[in-house]
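Enquirer: A structural model of the following input is requested.
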Amino acid sequence: MDHFNSIIGKSPALDSLIRSARMVACTDVTVFIKGETGTGKEVLASAIQKESARANKPFIKLNCAALPESLVESELFGHKKGAFTGANINKQGIFQAADGGTLFLDEINSLPLSIQAKLLRFLELGECLAVGETKPYRVDVRIIAASNQDLVKQIDAGQFRQDLYFRLNVVPLELPPLSKRTEDIEPLITHFVRHFAQAHSLEAPKFSKKSIRVLTRYRWPGNIRELRNLCERLSILLAGKVIEPDNLPHEFAEYIDEKAPSADAGDIPNFKLPDFGIQLDSLEADLINQALTRTNGNRSKSARLLGITRDTLLYRIQKHGLAA
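Expert: Alright, predicted model coming up:
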């Protein structure tokens, strides 16, 4: 089973990322996943772990932001009985529990500086020191870290260690936001509505082409997580229905273009492929040039004429080497 198939989408940006992740999964190298909230960093980390030689070993996921600062050190590295008030027994840390496997540290930017120093020691020497102990212990743990923050800015602000950043950033993988991979919105919707229809024993709704166009124009601040939540809501409230733009929540209203030509109306003639065929790349480049000429170079208007998003148009302008 190819566990990278759990990552839905075929956009160029995602394809490039998956190719890199496949190569990384075959090694034991430290991985640093960057990406906005909701882009699927944990899904990518899980796929890497499941395709690695450690697939049958422990895989522990830890959200660093969810741990109280006073407990982070004990949770990660363990503690000795009597090390502090309330430490009534020896406690094994997460590193010991993950020995031989993989530890996914999400929101690693939230780790206190003192803990960052101990994590750096582990990455350099493979050693951990439990709270209250004087002798370190060794473990074999692969680290996959993730952050939704710009760690370079945090380094400049004195909030993150530069030396730790360099040790984590051996192989950086950056997940693009959903607004930069709009080609993936429709297949993601198809995947999610099927999933929720099965989960809730309901008939899956269908999204009209007008609705799909609205959703591809939206900026998706919550990324895939926001899209998933929308699909679950509509799968329950409008089960078996055709979802039109008016059925979408109010935040999508400004993205509804009533003047845009509708493929649903049947007023666009079908293109007939000539018997001698066509050069698709040349045709696409020519249509983009025509749209840009007609709109005096206005990319947003050109994208609407072509029925694609502005980001997709920019990608295809670069792809064909057209004058912007």
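
Enquirer: domain map for the protein?
Expert: The record assigns the chain these domain ranges, following automatic domain parsing: 3-176, 178-258, 275-324.

Enquirer: now render the ones you listed as TSV, adding mean neighbour count and mean pLDDT.
Expert: Yep, even glycine has a C-beta here, placed from its N, CA and C like the rest. Compiled in TSV, the domains of the chain are given as follows (neighbours: other CB atoms under 10 Å; pLDDT from 0 to 100):
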stretch	mean neighbour count	mean pLDDT
domain 3-176	17	94
domain 178-258	17	94
domain 275-324	14	83
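
Enquirer: and Phe95, how far is that from Ile115?
Expert: 12 Å (CB to CB, to the nearest Å).

Enquirer: give me the common contacts of those two.
Expert: Counting by CB atoms under 8 Å, 6 or more residues apart in numbering, the residues touching both Phe95 and Ile115 are Leu76.

Enquirer: quick check, central residue of this protein?
Expert: Thr39 (2.5 Å; CA atoms, centre = their mean).

Enquirer: so how far is Ser282 from that residue?
Expert: Look at Thr39 and Ser282: by CB to CB, they are 34 Å apart.

Enquirer: what's near enough to touch Ile288?
Expert: Contacts of Ile288 (CB under 8 Å, 6+ apart): Ser302, Leu306, Leu313, Arg316, Ile317, His320, Leu322.

Enquirer: those in helices, which ones?
Expert: In this view, the contacts of Ile288 that belong to helices under DSSP state H are Ser302, Leu306, Leu313, Arg316, Ile317, His320.

Enquirer: and the helices in the stretch 101-250 of the chain?
Expert: Remark: helices assigned in the stretch 101-250 of the chain by DSSP state H, counting those that start in this stretch are 113-125, 151-156, 162-168, 185-199, 209-217, 223-237.

Enquirer: can you redo the ones you listed as TSV with distance to Phe4?
Expert: Listed next are those as TSV, based on distance: least, CB to CB, whole Å:
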stretch	distance to Phe4
helix 113-125	26
helix 151-156	25
helix 162-168	22
helix 185-199	15
helix 209-217	24
helix 223-237	15
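
Enquirer: I'd like to know how far Pro221 sits from Gln162.
Expert: 30 Å.

Enquirer: also Ser70?
Expert: Distance of Ser70 to Gln162, computed by CB to CB: 26 Å.

Enquirer: and the nearest residue to Tyr137 once chain neighbours are set aside, what does it touch?
Expert: Leaving aside its sequence neighbours, Tyr137 sits nearest to Cys128 (CB to CB, 6 or more residues apart in numbering; 5.8 Å). By CB under 8 Å, 6+ apart, the contact set of Cys128 is 76-78, 93, 95-96, 118, 121-122, 136-139.

Enquirer: between those, which sits nearest Phe207?
Expert: Leu76 (44.1 Å; CB to CB).

Enquirer: show me what the helix or strand where that closest one lies packs onto, helices and strands only.
Expert: Element membership for Leu76 (DSSP states H and E) is helix 69-77. In terms of contacts (3 or more CB pairs under 8 Å, 6 or more residues apart in numbering; DSSP states H and E), helix 69-77 is packed against helix 94-97, helix 113-125.
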